[in-house]
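**Student:** I'd like to go over a predicted model; first the sequence, then the structure.
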Amino acid sequence: MTINRQSFWDQDTKTGLWRIVLEYQDKRSKALDKNNLKEESFREEIYQVKSQALAQIDQLKKQAVVNLEANGIRVFEAKDDNQARKIIEKLLEGKKRIIKAKTNAFGEIDQKGFLSDKNLQETDLGDFVISLLGEPEAHPVLPALHLSPAKIAQAIEKKYQKKVAPTAKGVAEFARGYLRKKINQAQAGITGANAITADGKIVVLENEGNISLVSRLPQTHIVVAGFEKIVPSLKEALMVVQASAIWGTGQDWPAYVSIIASPSKTADIANETVIGAQGAKEVNLILLDNGRSRLIEAGFSELLHCLNCGACLNFCPVYHQIGSHYGDKYLGSRGVVFAAFSASFKKAKSANCFACTLCSACLENCPAKIDLPELMRKLRTLLEKEGLQTRENEKMIANIRQFGNPFGKIEAGKIPKELYCC
Amino acid sequence: MKFLDKILGGNTLYYPGCLTKFVAKDLEEKYQKILRQKGIDFITLSELELCCGSPALKAGYQADFKKTAKKNMKIFKDHGVTRIITNCPACFMVLKKYYQEVLGKDWNVEVEHITQTIKNSKFFGNWKPARPAGGLGIGNSNRETVSYHDPCHLGRQMGVYDQPREVIKSLGYEISEMDLNRKNSFCCGGGGGVQSNEPELANKIAQDRIGQAKKTGAKILCTACPLCYLHLKENAKGIKVKELSELFNFDQDKNDNK
């Protein structure tokens, strides 16, 4: 197994990335201070919230479904990506103009050709930019962090014949104008969720304001989320929001937090409830399994603590070299472990399971204290059982079995050349 | 011998680990000298002991790891070992944390990283500094600066951040920290089997770490791990990479009283 040479980021990109993650680190401490939070105790609280919710997830899920439906939100449970796509296609029947806000769970089920006849429009600025340039996402929170404003402005000019200032502001202003038109005309909007409460609320945070528009302006709102987003109540959901902001973008609080408890409605006329006032008439939630139950069964449930803030990548030595080539549908070691259960062990191997140095920088930076290096190590034991080892590891273990050391036969006065060590 | 062990309360084993024992052999010699100078009685088992099993554990060979741990435990027991000192952070972590996990209460050997041993020894700081401080220890103008790389297995995973730094300072060096240090230290790229499985990736990571060290202006990048040391050294340009034991000045051996 060797990583393709083209997978490595160039020096400029790497330098740019470092600048951003170090700024984030600084902002994170300030955001914690502003909220009067101690990093370690807050991480422990988030760990407890998520692990306790996962310990009773079946029950919470049942409650959530009953309460969401009682509030007029339709819930669909999808076993896998295929089922999720079918449900979405059905919900979008007859609709031609679809908009989408940031949802990593949608990325999980997306497939080439899916919704290709729907004029699907990205409205998250970073996602809009990478789809414009045909680039893979470089980070779950900052998908376009590897692209310079000049390069983006050039791409916009080429595609839309519109002169754009080669600055962050120039690009944002263009997107505001362009995307507003698309949002106004859309018939359905797709978003994700940061948390779902067992008492029937969908919580989603953002800075751009596009999620608010995507979830409210079109007639139909579709939410795609993994079932691990369910927590007991708003108290826990808001802790998740706060941690996501602090670790994701270094903010003490995001610009907007939406709590969606039902479709839009009014009773202003004759006290008669009418569904569909100014917001969405229909709200649909697709709760994804897609390997999550298998993950829990295999003892990897800690992975589902993930808030998708991307902080695990910020100091990851592997990510800093190969970016989106590390992982699969999700980036980094988290993506590798997820791929093992949502796709296959083979996929986990090709997602570079054996590229992890087990350095623990991800764990140190995780607000939910996911011990990713330990999960990676455990995953390697499963790959080993499936016969998915690397050639080098096979040599190393043969040496340990035969000679009691990883290098092989030690000849007097000679230093081993091939170093299979830890 | 066994009888004697019992009277004395067991042996202290110096366990260099495979990389030090077979590849960076001069480090083993240096550490043995240092331990002696610190008044620590120890035994060595050279080729009687096995690899700690760290590479097997990290590559996913759980059954092999458990077997190795059991065999080593027997070897250690046969030699009355109740305390292990190692200079290898991977061995340290594995012997301390993972042996406990797979062997349970049968495993009751104390395990220390050598920087902890040195720091805790009653002779700590008696080594004549290789670089004397300016004047009467006032002002630091004469001190050479060293940047210290935290090995992941020693720092983040076992929480040993201070002792290596204190040892370095006790030798008369000034530490110039990299932006990424202690819990935010950046991996050298060699661990987890990556050096052998993905050499190009491992080298690129090391080169980035070297770049970070050079930014501090230090002439020396020091670490307390044989793997980090060998791997960083192989990728170093414009900075000298030294293992902690190499900062000790051994020319003064004769003048030193314990």
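**Tutor:** Yep, that arrived.
**Student:** okay, now the domains of the chain?
**Tutor:** By default, I'm working from chain A. Domain ranges of chain A: A:42-293, A:310-403, per automatic domain parsing.
**Student:** ah, no, chain B please
**Tutor:** B:2-120, B:145-251.
**Student:** can you say which of those domains is nearest to A:Gly16?
**Tutor:** domain B:145-251 (13.7 Å; CB to CB). Where you see a C-beta, it was placed from the backbone N, CA and C, and this is true even at glycine.
**Student:** close to chain A, is the closest one?
**Tutor:** Yes. Part of domain B:145-251 sits near chain A under the criterion CB under 8 Å from any CB of the partner chain, namely B:152, B:156-157, B:179-180, B:183-187, B:189-198, B:200-202, B:204-205, B:208, B:227, B:230.
**Student:** buried ones from the residues you listed, can you make that a ChimeraX selection?
**Tutor:** Command for ChimeraX that selects the buried part of these, burial taken from 16 or more other CB atoms under 10 Å in any protein chain shown:
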select /B:152,156,157,180,184,185,186,187,189,190,191,192,193,194,195,196,197,198,201,202,204,205,208,227,230
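**Student:** for chain B, what spans make up the strands?
**Tutor:** B:11-14, B:81-86, B:110-113, B:145-149, B:174-175, B:220-223, B:240-243 (DSSP state E).
**Student:** in the last one, what's buried?
**Tutor:** Applying a neighbour-count criterion of 16+ other CB under 10 Å, the buried positions in strand B:240-243 are B:241-243.
**Student:** related to what we said a few turns ago, of all the strands of chain B, which one is nearest A:Gln83?
**Tutor:** strand B:145-149 (48.9 Å).
**Student:** strands paired with the closest one, and their directions?
**Tutor:** strand B:174-175 (parallel), strand B:220-223 (parallel) (DSSP bridges).
**Student:** most tightly surrounded among those strands?
**Tutor:** strand B:220-223 (a mean of 25; mean count of other CB atoms under 10 Å in any protein chain shown).
**Student:** picking that back up, the strands of chain B into a markdown table, with extra columns for mean pLDDT?
**Tutor:** Converted to a markdown table, the strands of chain B look like this (pLDDT from 0 to 100):
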| stretch | mean pLDDT |
| --- | --- |
| strand B:11-14 | 97 |
| strand B:81-86 | 98 |
| strand B:110-113 | 98 |
| strand B:145-149 | 97 |
| strand B:174-175 | 96 |
| strand B:220-223 | 98 |
| strand B:240-243 | 98 |
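**Student:** in chain B, where is pLDDT below threshold?
**Tutor:** B:1-8, B:128-142, B:252-258 (pLDDT under 70).
**Student:** would you map the helices across it?
**Tutor:** Using DSSP state H, the helices of chain B run over B:2-8, B:18, B:25-37, B:54-59, B:62-78, B:89-93, B:99-103, B:114-120, B:162-170, B:194-197, B:199-214, B:226-234.
**Student:** thought B:Phe76 was touching B:Asp106, still the case?
**Tutor:** No. B:Asp106 is beyond contact range of B:Phe76, at 11.1 Å (criterion: CB atoms under 8 Å).
**Student:** look at the two and report which has more neighbours.
**Tutor:** B:Phe76 (24 against 12; other CB atoms under 10 Å in any protein chain shown).
**Student:** distance of the more buried one from chain A?
**Tutor:** 14 Å (CB to the nearest CB, to the nearest Å).
**Student:** now that residue. Nearest residue, chain neighbours left out?
**Tutor:** B:Val109 (6.2 Å; CB to CB, 6 or more residues apart in numbering or on different chains).
**Student:** phi and psi next, for the one you found.
**Tutor:** phi -100, psi 140 (degrees, to the nearest 10).
**Student:** hang on, A:Pro416 packs against A:Phe407?
**Tutor:** Yes. With contacts counted by CB under 8 Å, A:Pro416 reaches A:Phe407, the gap being 3.7 Å.
**Student:** residues in contact with the closest residue to chain B within chain A?
**Tutor:** Nearest residue of chain A to chain B (CB to the nearest CB) works out as A:Arg380 at 3.0 Å. Taking CB atoms under 8 Å, 6 or more residues apart in numbering or on different chains as the criterion, A:Arg380 is in contact with A:353-354, B:58-60.
**Student:** so which of the buried residues of strand B:240-243 is the closest to chain A?
**Tutor:** Among the buried residues of strand B:240-243, and counting by CB to the nearest CB, the member closest to chain A is B:Glu243, at 14.9 Å.
**Student:** quick revisit: tabulate the strands of chain B (CSV), appending distance to A:Cys422.
**Tutor:** Shown next, in CSV, are the strands of chain B (distance: least, CB to CB, whole Å):
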stretch, distance to A:Cys422
strand B:11-14, 19
strand B:81-86, 13
strand B:110-113, 15
strand B:145-149, 17
strand B:174-175, 26
strand B:220-223, 15
strand B:240-243, 17
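**Student:** among these, which is nearest A:Glu364?
**Tutor:** That would be, of the strands of chain B and by CB to CB, strand B:145-149, which comes in at 16.1 Å.
**Student:** so that closest one versus helix B:162-170, what angle?
**Tutor:** 160 degrees (axes from the mean of the first three to the mean of the last three CA atoms, to 10 degrees).
**Student:** still on that earlier bit, in JSON lines, list the contacts of A:Arg380 along with neighbour count.
**Tutor:** Formatted as JSON lines, the contacts of A:Arg380 follow (neighbours: other CB atoms under 10 Å in any protein chain shown):
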{"residue": "A:Cys353", "neighbour count": "27"}
{"residue": "A:Phe354", "neighbour count": "25"}
{"residue": "B:Lys58", "neighbour count": "28"}
{"residue": "B:Ala59", "neighbour count": "31"}
{"residue": "B:Gly60", "neighbour count": "26"}
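**Student:** can you name the two of the residues you listed that are farthest apart?
**Tutor:** So, those by CB to CB: farthest apart are A:Cys353 and B:Lys58, at 11.8 Å.
**Student:** just the strands in the stretch 151-300 of chain A please.
**Tutor:** A:188-191, A:195-197, A:201-206, A:220-226, A:230-231, A:256-260, A:265-266, A:274-275, A:282-288 (DSSP state E, counting those that start in this stretch).
**Student:** now those strands in a markdown table, with mean neighbour count and distance to chain B?
**Tutor:** Shown next, in a markdown table, are the strands of the stretch 151-300 of chain A (neighbours: other CB atoms under 10 Å in any protein chain shown; distance: least, CB to the nearest CB, whole Å):
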| stretch | mean neighbour count | distance to chain B |
| --- | --- | --- |
| strand A:188-191 | 26 | 34 |
| strand A:195-197 | 28 | 28 |
| strand A:201-206 | 24 | 26 |
| strand A:220-226 | 24 | 26 |
| strand A:230-231 | 26 | 28 |
| strand A:256-260 | 18 | 29 |
| strand A:265-266 | 14 | 49 |
| strand A:274-275 | 13 | 51 |
| strand A:282-288 | 23 | 28 |
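**Student:** as TSV, these with distance to B:Lys33 and mean pLDDT would be great.
**Tutor:** Shown next, in TSV, are those (distance: least, CB to CB, whole Å; pLDDT from 0 to 100):
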stretch	distance to B:Lys33	mean pLDDT
strand A:188-191	65	98
strand A:195-197	59	98
strand A:201-206	59	98
strand A:220-226	57	98
strand A:230-231	58	98
strand A:256-260	62	98
strand A:265-266	81	98
strand A:274-275	82	97
strand A:282-288	61	98
